[in-house]
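Trainee: only geometry, no sequence info:
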């Protein structure tokens, strides 16, 4: 069966958390690459209130077989009690790039 690539989204409160999580995932070969997007504004409901925060977004490239361990590692170090961890399949991409993801997380 052909391995499927995933794009995982994860928000964090600061650059330090973003770099820490990205380094952890890449060094453990749970992600081939993590992009850090700064200055995003998030508006959300939390504990009955509408909140607004400035956050950083991690765009994490991995494979489906590694997702469970990736999620576990994020939860162990993430500063939020309920971190946003959303995985979406990469359905259309350069095959060379998908092959690179697979090669770098196995």
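Mentor: Alright, I've got the coordinates. Predicted model only: the values in this text are computed from it and were never measured.
Trainee: how about residue 8, what does it touch?
Mentor: If a contact means Cβ atoms under 8 Å, 6 or more residues apart in numbering, then residue 8 has 31, 58, 59, 60, 61, 62, 67, 70, 85, 86, 87, 88 as its contacts. Yep, even glycine has a C-beta here, placed from its N, CA and C like the rest.
Trainee: Could you rerun that using 7 Å?
Mentor: The neighbourhood of residue 8, defined by Cβ atoms under 7 Å, 6 or more residues apart in numbering, consists of 60, 62, 70, 85, 86, 87.
Trainee: secondary structure class for it?
Mentor: Secondary structure for residue 8, judged by DSSP: H, G, I helix; E, B strand; the rest coil, is strand.
Trainee: Can you name the residues bridging to it?
Mentor: Beta bridges link residue 8 to residue 60, residue 87, judged by DSSP bridges.
Trainee: Please list all residues in contact with residue 63.
Mentor: By Cβ under 7 Å, 6+ apart, the contact set of residue 63 is 3, 4, 5, 6, 101, 102, 105.
Trainee: can you rerun that using 10 Å?
Mentor: Residue 63 makes contacts with 3-6, 30-32, 70, 90, 98, 101-102, 104-106, as judged by Cβ atoms under 10 Å, 6 or more residues apart in numbering.
Trainee: With that, I have no additional questions.
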